[in-house]
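Chemist: this one's structure only:
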């Protein structure tokens, strides 16, 4: 986390922590505890120890939660395993599943000093700087998808096979559980997607939310020091995960971190075709079937719409962790409509 881009604030009343209980559990004194302003899902805190060292504490939010959501235990497990391989994540320290300590499960990891970049067009940078930032993103997701998950001890982290089928079922269920109004495009996607899933391309660790603002870059270099927010990680189809990351090329600016329609060449940002080709080169693939890529886009737009709808429901229920949650939740409908537009293009081509 980096104050320049995220910032901290006094801990919200509903997210207060019993500092004395936390000190007793961690076995060291705490000088300061502040809450990060960012984060739609799990409340996250900067913790300063009495010896001056800084840590990040990430916990489940209090209150009634959707089934399988806010899985900080899974985050900790994958971070610990990947850290041992040298993959760029914050060093993990402890997982506490005893809810009697601060009221919910939590884990503690190192505070990593660096840059969190929110705007995918990277304003204020030169074309060469933007190119380097995007190439580093490509390098790191390629590295993630080539980690030997069995050697890393993550063979039971998910179920190999039928990843997209299970994801569609899961997010359909989560969407229905968080539905606050009817979105026709979501109903159509929920019906169409399970009947049109392409063959699986393999099994790797997948992040589930790999995007620019979930990275901490070195303060001055185009180098990722830590990948954040592993709540949605599991074992799954790497191309489905990579396609989620590539949704930016299909979403207009001002929607959900989109760059569609920008003058990418003059900005120094690669085209989607160039970016995909570089990923294939780094992961040893010859190419990606264009028809399957279109499906992955529709699936991921559906998935992000379901996630955003969950955020909207948390606003209604009063458990949202971020002041920006209402704005994020309002984007569920346009993302679903973009997803159904993608399906309509697939159907027109097939006609």
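Modeler: Perfect, I can see it now. Since the model is a prediction, treat every value here as computed from it, not as a measurement.
Chemist: mind listing the helices for the protein?
Modeler: Secondary structure of the chain by DSSP state H: the helices cover 19-26, 72-85, 127-144, 163-178, 184-192, 238-245, 264-267, 272-283, 290-317, 325-329, 332-350.
Chemist: To residue 224, which of the ones you listed lies closest?
Modeler: helix 127-144 (5.1 Å; C-beta to C-beta). Just so you know, the C-beta spots here come from the backbone N, C-alpha and C atoms, and that holds for glycine as well.
Chemist: Report the mean confidence score over that closest one.
Modeler: Taken as a whole, helix 127-144 has a mean pLDDT of 98.
Chemist: so how far is that helix from its chain's centroid?
Modeler: Chain-centre distance of helix 127-144: 17 Å, with C-alpha atoms, centre = their mean, to the nearest Å.
Chemist: Pull the residues that contact that helix.
Modeler: 82, 87-88, 117, 121-122, 125, 204-207, 210, 212, 215, 217, 222-224, 227, 241-242, 245, 266-270, 275, 278-279, 282-283 (C-beta atoms under 8 Å, 6 or more residues apart in numbering).
Chemist: what about burial for the residues you listed, which qualify?
Modeler: 82, 87-88, 117, 121-122, 125, 204-207, 210, 212, 215, 217, 222-224, 227, 241-242, 245, 267-270, 275, 278-279, 283 (16 or more other C-beta atoms under 10 Å).
Chemist: So residue 301 sits against residue 336, correct?
Modeler: Yes: the pair residue 301 / residue 336 is scored as a contact, 7.1 Å apart, by C-beta atoms under 8 Å.
Chemist: Report the contact partners of the residue positioned nearest the centre of the chain.
Modeler: Geometric centre of the chain, nearest residue: residue 209, 2.3 Å, by C-alpha atoms, centre = their mean. Residue 209 is in contact with 229, 231, 232, 244, counting by C-beta under 8 Å, 6+ apart.
Chemist: Residue 110 now?
Modeler: Counting by C-beta under 8 Å, 6+ apart, residue 110 has contacts 54, 55, 56, 90, 91, 92, 93.
Chemist: Show residues contacting stretch 166-177.
Modeler: So stretch 166-177 is contacted by 66-69, 159, 186, 190, 193-194, 197, 236, 240, 299, 302-303, 305-307, 309-310, 313 (C-beta under 8 Å, 6+ apart).
Chemist: buried stuff in it?
Modeler: Counting neighbours by 16+ other C-beta under 10 Å, one finds that the buried residues in stretch 166-177 are 167, 168, 171, 172, 174, 175.
Chemist: just stretch 122-131 next, same as before
Modeler: Buried-residue list, stretch 122-131, by 16+ other C-beta under 10 Å: 122, 125, 130, 131.
Chemist: repeat for stretch 333-351
Modeler: Quick answer for stretch 333-351 (16+ other C-beta under 10 Å): 333, 334, 335, 336, 337, 338, 339, 340, 342, 343, 346.
Chemist: follow-up on the earlier one: are any of the contacts of stretch 166-177 buried, and which?
Modeler: For the contacts of stretch 166-177, a burial check counting by 16+ other C-beta under 10 Å picks out 69, 186, 190, 193, 197, 236, 240, 299, 302-303, 305-307, 309-310, 313.
Chemist: Need phi/psi at residue 199.
Modeler: In this entry, residue 199 is assigned phi and psi values of phi -60, psi 150 (degrees, to the nearest 10).
Chemist: What sits closest to it if chain neighbours are left out?
Modeler: residue 292 (7.9 Å; C-beta to C-beta, 6 or more residues apart in numbering).
Chemist: Which residues are in contact with the one you found?
Modeler: Counting by C-beta under 8 Å, 6+ apart, residue 292 has contacts 198, 199, 239.
Chemist: Would you mind measuring from residue 160 to residue 237?
Modeler: Look at residue 160 and residue 237: by C-beta to C-beta, to the nearest Å, they are 10 Å apart.
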